[in-house]
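> Let's see this in three dimensions:
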Amino acid sequence: MSGFIMQVGGPLQSWGEHSAFNDRDTVAHPTRSGLIGLIASALGIPRDQAVGGTGDRDEPTLFERLGHLRFTVRHDRPGTRVRDYHTIGGGLPAHRTVPTAKGGRRGAGQTTIISHRHYLADAVFTIAVTAPEAPDPTELTTVCAAALAAPRWPLYLGRRSCPPGAPLVVATQVSDPVSELLTGVPLARVRPRTPHTTDREATVPVRFTADAPFPVGFPVTVSSRASVTSLNDEPVRLTQRDRVYRSRPSYAASCRLPADLCKGYGPAYLDELIAYLRPPAPQEADA
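From the prediction side, this is the model:
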C-alpha cells in the first residue's frame, strides 16, 4: 500500500491520552489524535470544522477523510521521560490572578495553580502513513504529505511548546512505506557495539506500534496479537472547547533490524538521511 514516510523528532514532545488539567500525561509514542491534529493544522483546517459525523452529506469533509489514515510507528529513540513542575498565576496582582467559574478571581493564598506536565525528551519516531480504506489512497496521502512539507499553520508535537525538528516529511509517494521502515529509512540511533557478532549478523531490537494489525510477513519477534492494548485517542471532535475521543486498539510488536540501519544522530544522521533520499545516479555509483 502506497503512502509517505514522516519523522517526528525534537527536543521535547508530548502525546497526552487522558490528561487532566493539573496532570498532563504523555504516552510513549505519537498518538493517533496527535498525528491527525498535526496534519489537520498543516492543511489549515479550523477547529470548528474538525468535527466528524455531523449529518448526511454526499461528500465527507477533509477532516473526516483524515480518519482513513493509518500510522505505523517505528520507535527510533524512545527518549527520556521528563516532568515539568509548572505553576500558573503566582505573583500577580489581584486583578490578574486566575479567574474562577463564577466570573471572579482567586483570593489571596489561592492564586497559584500547580500542574505537572510530562514530556519525552530527545525522542525520534519514524512513521509510515497509508490510507488503505480511503476511496483514493494515493490522492489523500499526497495531499497530506504536501501540506506537511508546506504547512498552513505552525506545527507542534502534541503541545505548542514542542516544535518539530526537520525534516518532517522523509519520503513521498512510497510504494510500500511499512517495508521501508524495515529495510530502508536510516535509524536515528547510535549503532551498538557487538564484539561477539560479525557486522553482517548484527541486529538491533526495534519497537513498532500501529493503529491497525501488522501486515502478513511483518517480522515480529513478539506476537502482535498478544500485544494489543486500547488507547482513547481516536478523534471525534477537536473543537476548541469540546474535544471528544473514542477508544481504539493499539498494536505493538518488536523486530530485529539490521544494525547497519543505525546512523547515529545530529548532523551525521541528517547526512545519512539525505543520502537515503537522494541516492547516487547510476554513473556515480559505478564510479
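
> Under the pLDDT cut-off, which ranges of the stretch 1-150 of the chain? List them.
Residue ranges of the stretch 1-150 of the chain with pLDDT under 70: 19-21, 53-58, 89-92, 94-96, 106-111.

> the strands in it, which residues?
Assigned by DSSP state E, counting those that start in this stretch, the stretch 1-150 of the chain shows strands spanning 3-9, 12-13, 23-24, 70-77, 80-88, 113-121, 124-130.

> these two touch, right, residue 43 and residue 149?
No - with contact defined as Cβ atoms under 8 Å, residue 43 does not reach residue 149; the gap is 11.8 Å. Any C-beta I mention is one placed from the backbone N, CA and C, and that applies to glycine too.

> Neighbour count for the two, which is higher?
Neighbour totals were compared for residue 43 and residue 149, and residue 43 leads with 19 against 14 (other Cβ atoms under 10 Å).

> residues touching the more buried one, list them.
62, 143, 144, 147, 152 (Cβ atoms under 8 Å, 6 or more residues apart in numbering).

> Over to residue 235?
Under the criterion of Cβ under 8 Å, 6+ apart, the neighbours of residue 235 are 32, 33, 36, 37, 50, 52, 67, 243, 244, 245.

> hmm, try it at 6 Å
33, 36, 245 (Cβ atoms under 6 Å, 6 or more residues apart in numbering).

> now swap in residue 248 and tell me
By Cβ under 6 Å, 6+ apart, the contact set of residue 248 is residue 234.

> Give me the distance between it and residue 34.
13 Å (Cβ to Cβ, to the nearest Å).

> what's the pLDDT at residue 195?
Here the pLDDT value assigned to residue 195 is 60.

> what do you get for the one 5 residues further on?
pLDDT, residue 200: 51.

> Same question for the one 4 residues further on.
In this prediction, residue 204 carries a pLDDT score of 91.

> How many residues are close by residue 37?
22.

> what's the closest non-adjacent residue to it?
Of all residues not flanking residue 37 in the chain, residue 238 sits nearest, at 5.9 Å (Cβ to Cβ, 6 or more residues apart in numbering).

> That neighbour pairs with what?
residue 243 (DSSP bridges).

> wait, doesn't it sit right on residue 50?
Yes - between residue 238 and residue 50 there is a contact under Cβ atoms under 6 Å: 3.8 Å.

> re the thing from before, want to throw the strands of the stretch 1-150 of the chain into CSV with distance to residue 260?
Formatted as CSV, the strands of the stretch 1-150 of the chain follow (distance: least, Cβ to Cβ, whole Å):
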stretch, distance to residue 260
strand 3-9, 18
strand 12-13, 27
strand 23-24, 39
strand 70-77, 15
strand 80-88, 26
strand 113-121, 26
strand 124-130, 16
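
> Serialize the ones you listed to a markdown table and add fields for distance to residue 217 and mean neighbour count.
Putting the strands of the stretch 1-150 of the chain into a markdown table (distance: least, Cβ to Cβ, whole Å; neighbours: other Cβ atoms under 10 Å) gives the following:
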| stretch | distance to residue 217 | mean neighbour count |
| --- | --- | --- |
| strand 3-9 | 17 | 25 |
| strand 12-13 | 31 | 24 |
| strand 23-24 | 39 | 16 |
| strand 70-77 | 14 | 22 |
| strand 80-88 | 33 | 12 |
| strand 113-121 | 30 | 17 |
| strand 124-130 | 15 | 24 |
